[in-house]
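**Student:** attaching a predicted model along with its sequence, questions to come.
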Amino acid sequence: MPDSTYKIIELVGTSENSWEAAANNAIQSASASLKEMRIAEVKRLDMKMEAGKPILYRARLEVSFKYLKED
């Protein structure tokens, strides 16, 4: 296996339904422009609240993807 280099970025996804959906939204959005994503690690979960009820779930992820050199 040849040597590889990976870049790590931070993403924040949101959802009105759940933290899982928020994380999935972040990955789905990023996959439109990032190729060869390898690992996503949930770093933080939080929510926005109104009147004592959650109205928006947020998932902060670190995502790694293979760094491809341009020739």
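**Tutor:** Noted; the coordinates are in hand. What you see is a predicted model; the values in this text were computed from it and never measured.
**Student:** can you pull the contacts of the closest residue to Val12 other than its chain neighbours?
**Tutor:** Once flanking residues are discounted, Val12 sits nearest to Arg60: 5.1 Å by Cβ to Cβ, 6 or more residues apart in numbering. Heads up, the C-betas are built off the backbone N, CA and C, glycines and all. By Cβ atoms under 8 Å, 6 or more residues apart in numbering, the contact set of Arg60 is Glu10, Leu11, Val12, Val42, Lys43, Arg44, Leu45, Asp46.
**Student:** and which of those is nearest Leu68?
**Tutor:** Proximity of the contacts of Arg60 to Leu68 (Cβ to Cβ) peaks at Leu11, which lies at 19.1 Å.
**Student:** can you count the residues close to that closest one?
**Tutor:** Other residues lying near Leu11 total 18 when counted by other Cβ atoms under 10 Å.
**Student:** if it is in a bridge, with which residues?
**Tutor:** For Leu11, the beta-bridge partners are Leu61 (DSSP bridges).
**Student:** how about the contacts made by it?
**Tutor:** Contacts of Leu11 by Cβ under 8 Å, 6+ apart are Ala26, Ile27, Ser29, Ala30, Arg60, Leu61, Glu62, Val63.
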